[in-house]
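Student: Give the three-dimensional model of this entry:
(chains A and B)
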Amino acid sequence: MTNEKHNRSHRSLVTSLLVVVIGAFGFGYALVPLYDVFCEITGYGGRTNDTAAQVAEAPDMKREIRIEFMTTVNEYAPFELSADADSMTVHPGKMYFATFTATNMTGDDKVAMAVPSVAPVAAAEHFVKIECFCFNSQEFTANEEKAMPLQFIVNPELPDYVDTITLQYTFYDTARVASSN
Amino acid sequence: MATAAADITDHHDDHGPAKGIGRWLFSTNHKDIGTMYLLFSLVMFFVGGAMAMVIRSELAVPGLQFVDPGFFNSMTTMHALIMVFGAVMPAFVGLANWMIPLMIGAPDMALPRMNNWSFWILPVAFGILLSTLFMPGGAPASGWTMYPPLVLQTGDAFPFLIFSVHLMGISSIMGSINVIVTIINMRAPDMSLLKMPIFVWTWLITAYLLIAVMPVLAGAVTMLLTDQFFGTSFFLAAGGGDPVMFQHIFWFFGHPEVYIMILPAFGVVSEIIPTFSRKKLFGHDSMVYAASSIAFLSFIVWAHHMFTVGMPLTGQLFFMFATMLIAVPTGVKVFNWVATMWRGSMTFETPMLFALAFVFLFTIGGFSGLMLAIQPADVQYHDTYFVVAHFHYVLVPGSIFALMAGAYYWLPKWTGYYYNETLGKLHFWMSTIFVNVTFFPMHFLGLAGMPRRIPDYSTQFADFNFIASIGAMGFGLSQLIFLLVLLTAKKGAKADDRVWEGAHGLEWTVPSPAPWHTFTTPPKNRIAEESF
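Tutor: Okay, here's the model as predicted:
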């Protein structure tokens, strides 16, 4: 094999390998939307269903589901957050209201974001929120205390083995996200 | 042998290496670059080892003795990064550089200038990484897995960590492209793919793994960087991101990375065992298929590293069974090595001792891996010392022992002299005894519930930790014997071309030490006579 011929076959192979490298780098980024789609479909990661609610015509009054509320405030977020009731018992297909109270612990205006998570994973897509303070960021004036609403339905198609659903909110200070440190 | 000698003497434009430091800085010679890779990884092995000594000193007895917890976490993080990216991977690239052209009858690597680059990026990358030890906020302390949001709390070192990981990735990708092009385009004319030595095969597969996953790691750490400095929210929950996603992307890289560190080790051992058993490697082709299957499976098992993050049951089952499936091709390899030795005329020189210990101790690591693959049990083992025991068994008496075996095996070919066999055997026995004293008690610690990555522990773990620390000091000191072997490497008897009685392959047809230029004309019709 002559040198020139060698170099030419090197070039085509190197080019195709570089395409693989660039493709793999792109694939890393492609995993981000793919992961979102995967989470929407499976409820993996406790991702809740954000599609419009379908209220069952006849709520299933025989079945009782216990809903537990949990709240966490992210490290560095100067807030207090609590559910007004720790838990409630609901019937699938019927609409319910719950209220959460948050307080800005600082003398400055703050913007907070609540991020929900549902356990068990199998219940995530069946926990349907109609109105939620987590849909938008929440603005607080200095030291403001604020009641925030949640309106939800548990879909009657919830798997039989689920009798308790835990809804968890984590409160973040959005200013810290923007500047990040 | 006459033809081999003719290859070098007839070559009239052989100008020999340049003089002084320029020989190394501007080298495009695969043997020089291979040597630099090997020496660099040896230095990193001792640097990472020194960090392990800090860790084991602190853990020798309960309570805080020598270092503060933040620095302890930096030590575990840096130890892992340096050993994985600085010691094990460059050492295998060094072996590839030295041996692949010799084994396939090529004059050099296909892309010699890029080869120079891929090496010289490494000292820069690790210079940057080690400099973080002196930065405000200390060196990275989030674990080598760099999980957010913890890693985002790293001090000034954070961008340096990301940049050094980028550089390591670029270096490995360039090295891998070089290996693939060399193997595909520059084999001796009568060497078909399935006639390639098994070390070359395992490296070909490893190189493909590297170019497929190193860019994914680069992407993941770039996302961390933009999350920290450019306002993106890939992994920040408040901005709509998900920190668990980092774990998925990281382990999509991380699991193939595990095989990147072990497949070339399989290759080295598959060269050594036939030589000292004086028998052909049992099931050469099945070894190739097994390595390929392991490589394929490595892409679909990543989530077994994150069984406890909360996953749908079907996901847990899938990753559990896919992981267990890897035991099948790995079992094929282990049985093939045993079958190669069966009724062989075995001798036990140092390379063979290391290779035998590899087969036995790597299998122990494989079995604890199977235990960890069982999802319901993993919930108990997760993030305990059982995991530490497992991956150290596959990496130390696994990858490192294979590297030592390879170094002893090819050292006479590199230097032209036999190393001191007594010192070699002493190195082997000390290493093997102390590696088990170090890591075996960690299984018990993990099963009893001692968590990873902590500088202090409750007193019921004291005894086993003390034993492990003694073992670690012993293992660390034993490696100084290897240094002695290298320093006295040219004091032994002159090695002939074949070096080992049972050695077969093109690399044993060139003189010892291998001249600066070899196979400037491709070897013809020697493949058949070099097989058993």
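Student: I'd say residue A:108 and residue A:142 touch.
Tutor: Yes - Residue A:108 lies in contact with residue A:142 (Cβ atoms under 8 Å); the separation is 5.9 Å. The way it works is simple: take the backbone N, C-alpha and C, and place the C-beta from them, glycine included.
Student: Which helix or which strand is home to residue A:82?
Tutor: strand A:79-83 (DSSP states H and E).
Student: mind checking how far that strand is from the chain centre?
Tutor: 18 Å (Cα atoms, centre = their mean, to the nearest Å).
Student: Stretch B:42-50 now?
Tutor: Worked out by Cα atoms, centre = their mean, stretch B:42-50 lies 13 Å from the chain centre.
Student: Pull that stretch out as PDB, backbone CA atoms only.
Tutor: Provided in PDB are the C-alpha atoms of stretch B:42-50 (Å, rounded to 0.1, in the frame of the first residue of the first chain):
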ATOM      1  CA  LEU B  42       2.900   5.400  37.200                       C
ATOM      2  CA  VAL B  43       3.400   8.900  38.700                       C
ATOM      3  CA  MET B  44      -0.300   9.400  38.900                       C
ATOM      4  CA  PHE B  45      -0.600   5.900  40.500                       C
ATOM      5  CA  PHE B  46       1.700   7.100  43.300                       C
ATOM      6  CA  VAL B  47      -0.100  10.500  43.700                       C
ATOM      7  CA  GLY B  48      -3.500   8.800  43.900                       C
ATOM      8  CA  GLY B  49      -2.000   6.200  46.100                       C
ATOM      9  CA  ALA B  50      -0.700   8.900  48.500                       C
END
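Student: and the helix or strand encompassing residue A:171 with strand A:79-83, angle?
Tutor: Taking DSSP H and E as the definition, residue A:171 sits inside strand A:164-173. Using axes from the mean of the first three to the mean of the last three Cα atoms, to 10 degrees, the inter-axis angle of strand A:164-173 relative to strand A:79-83 is 160 degrees.
Student: Strand A:164-173 packs against which elements?
Tutor: For strand A:164-173, the packing partners by 3 or more Cβ pairs under 8 Å, 6 or more residues apart in numbering or on different chains; DSSP states H and E come out as strand A:65-73, strand A:79-83, strand A:110-119.
Student: Pull up the distance across stretch B:448-461, start to finish.
Tutor: 8 Å (Cα to Cα, to the nearest Å).
Student: Could you pick out the longest helix of the chain?
Tutor: You didn't say which chain, so I picked chain A. In chain A, with assignment by DSSP state H, the single longest helix is helix A:3-42.
Student: please go with chain B instead
Tutor: Criterion DSSP H: the longest helix present in chain B is helix B:243-277.
Student: shaky segments in the chain?
Tutor: All of this refers to chain A. Residues of chain A meeting the criterion pLDDT under 70: A:1-8, A:42-58, A:176-181.
Student: Not quite, go with chain B.
Tutor: In chain B, residues with pLDDT under 70: B:1-15, B:527-529, B:531-532.
Student: Indicate the residue of it located nearest to chain A.
Tutor: residue B:219 (2.7 Å; Cβ to the nearest Cβ).
Student: Is that residue within a helix or a strand, and which one?
Tutor: For residue B:219, the host element (DSSP H and E) is helix B:198-229.
Student: Now that helix: buried residues?
Tutor: By 16 or more other Cβ atoms under 10 Å in any protein chain shown, the buried positions in helix B:198-229 come out as B:198-225, B:227-228.
Student: if we can go back for a sec, so is the strand holding residue A:82 next to chain B?
Tutor: No - shown here: strand A:79-83 not in contact with chain B (Cβ under 8 Å from any Cβ of the partner chain), separated by at least 12.0 Å.
Student: Which neighbouring elements make contact with that strand?
Tutor: strand A:65-73, strand A:95-104, strand A:110-119, strand A:164-173.
Student: Tabulate those (TSV), appending distance to residue A:59 and mean neighbour count.
Tutor: As requested, the helices and strands packed on strand A:79-83 are exported to TSV (distance: least, Cβ to Cβ, whole Å; neighbours: other Cβ atoms under 10 Å in any protein chain shown):
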stretch	distance to residue A:59	mean neighbour count
strand A:65-73	11	17
strand A:95-104	9	17
strand A:110-119	20	21
strand A:164-173	16	20
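Student: Make a markdown table out of the ones you listed and add distance to residue B:164.
Tutor: A markdown table is the format used below for those (distance: least, Cβ to Cβ, whole Å):
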| stretch | distance to residue B:164 |
| --- | --- |
| strand A:65-73 | 34 |
| strand A:95-104 | 40 |
| strand A:110-119 | 32 |
| strand A:164-173 | 30 |
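Student: Residue B:352 is nearest to which of the ones you listed?
Tutor: Of all the helices and strands packed on strand A:79-83, it is strand A:110-119 that lies closest to residue B:352, at 54.2 Å by Cβ to Cβ.
Student: immediately after the closest one, which helix or strand?
Tutor: Assignment by DSSP H and E places the next element after strand A:110-119 at helix A:121-124.
Student: Mind checking if that next one is in reach of chain B?
Tutor: Yes - using Cβ under 8 Å from any Cβ, helix A:121-124 comes into contact with chain B via A:121-122.
Student: Any part of the following helix or strand past that helix near chain B?
Tutor: Where DSSP H and E defines the elements, the next helix or strand beyond helix A:121-124 is strand A:127-132. No - counting by Cβ under 8 Å from any Cβ, chain B is not contacted by strand A:127-132; separation bottoms out at 14.5 Å.
Student: relative to strand A:164-173, how tilted is strand A:127-132?
Tutor: 40 degrees.
Student: helices or strands next to strand A:127-132 in the packing?
Tutor: strand A:110-119, strand A:145-154.
Student: With adjacent residues omitted, what lies nearest to residue B:108?
Tutor: Nearest residue to residue B:108, sequence neighbours excluded (Cβ to Cβ, 6 or more residues apart in numbering or on different chains): residue B:30, at 4.8 Å.
Student: my read: that neighbour touches residue B:97, true?
Tutor: Yes - the pair residue B:30 / residue B:97 is scored as a contact, 5.0 Å apart, by Cβ under 8 Å.
Student: joint contacts of the two?
Tutor: Listed as contacting both residue B:30 and residue B:97 by Cβ atoms under 8 Å, 6 or more residues apart in numbering or on different chains are B:109, B:115.
Student: The two: who's more crowded?
Tutor: More neighbours surround residue B:97 than the other of residue B:30 and residue B:97, with 29 against 26 (other Cβ atoms under 10 Å in any protein chain shown).
Student: Give me the contacts around stretch B:134-143.
Tutor: Counting contacts by Cβ under 8 Å, 6+ apart, the residues touching stretch B:134-143 from outside are B:70-71, B:73-74, B:76-78, B:80-81, B:132-133, B:146, B:150-151, B:153-158, B:160-161, B:453.
Student: What is the end-to-end distance of it?
Tutor: 18 Å.
Student: about what we covered before: generate a PyMOL selection restricted to the buried entries among the contacts of stretch B:134-143.
Tutor: Typed into PyMOL, the line below selects the buried ones among these, using 16+ other Cβ under 10 Å:
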select buried, chain B and resi 71+73+74+76+77+78+80+81+132+146+151+154+157+158+160+161
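Student: could you pick out which of the contacts of stretch B:134-143 are near chain A?
Tutor: Applying Cβ under 8 Å from any Cβ, the subset of those adjacent to chain A comprises residue B:153.
Student: rewinding a little: got CSV for the helices and strands packed on strand A:127-132, with distance to chain B too?
Tutor: Shown next, in CSV, are those (distance: least, Cβ to the nearest Cβ, whole Å):
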stretch, distance to chain B
strand A:110-119, 5
strand A:145-154, 16
